[in-house]
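S.K.: Predicted model and sequence below, questions to follow.
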Amino acid sequence: MKKGLLFKLFFLLALFCLAFLILPIVHVFIKLSSQDLINAIKDRAIWQAIFTSLCSAFWATLIGCILGVPLAYFLS
């Protein structure tokens, strides 16, 4: 494969992944009215869900780094 073709392939894959992440967020802003969005931002349960997601992502990343890096070194 040529270098330019490989770059284009990875660029398209990156655009697809970016769209996969951004489009649901855009859909929420389009679908909800401004008043519903303001009410959702004020809701304590939503902030608790966001906090739970961020905490679990932090701990999963930390555990993955602590256990994964030595394991990768050991397996190499």
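M.R.: Happy to help now that I have it.

S.K.: got any ranges where the chain has weak pLDDT?
M.R.: 1-2 (pLDDT under 70).

S.K.: Please repeat the previous calculation with a cut-off of 50.
M.R.: Within the chain, no stretch has pLDDT under 50.

S.K.: Pick out the residue nearest the middle of it.
M.R.: Leu21 (6.2 Å; C-alpha atoms, centre = their mean).

S.K.: which element is that one on?
M.R.: Assessed by DSSP states H and E, Leu21 sits inside helix 3-31.

S.K.: Mind checking what helix or strand follows that helix in sequence?
M.R.: helix 34-42.

S.K.: any idea how far that following helix is from the chain center?
M.R.: Relative to its parent chain, helix 34-42 has a centroid offset of 22 Å by C-alpha atoms, centre = their mean, to the nearest Å.

S.K.: Give me the residues contacting that helix.
M.R.: For helix 34-42, the surrounding residues in contact (C-beta atoms under 8 Å, 6 or more residues apart in numbering) are Phe29, Leu32, Ile46. Where C-beta positions appear, they are placed from N, C-alpha and C, glycine not excepted.

S.K.: and that helix with helix 3-31, angle?
M.R.: Calculated by axes from the mean of the first three to the mean of the last three C-alpha atoms, to 10 degrees, helix 34-42 forms an angle of 100 degrees with helix 3-31.

S.K.: Buried residues of helix 34-42, list them for me.
M.R.: Within helix 34-42, no residue is scored as buried using 16 or more other C-beta atoms under 10 Å.

S.K.: Same question for stretch 15-29.
M.R.: So, applying 16+ other C-beta under 10 Å, stretch 15-29 has no buried residues.
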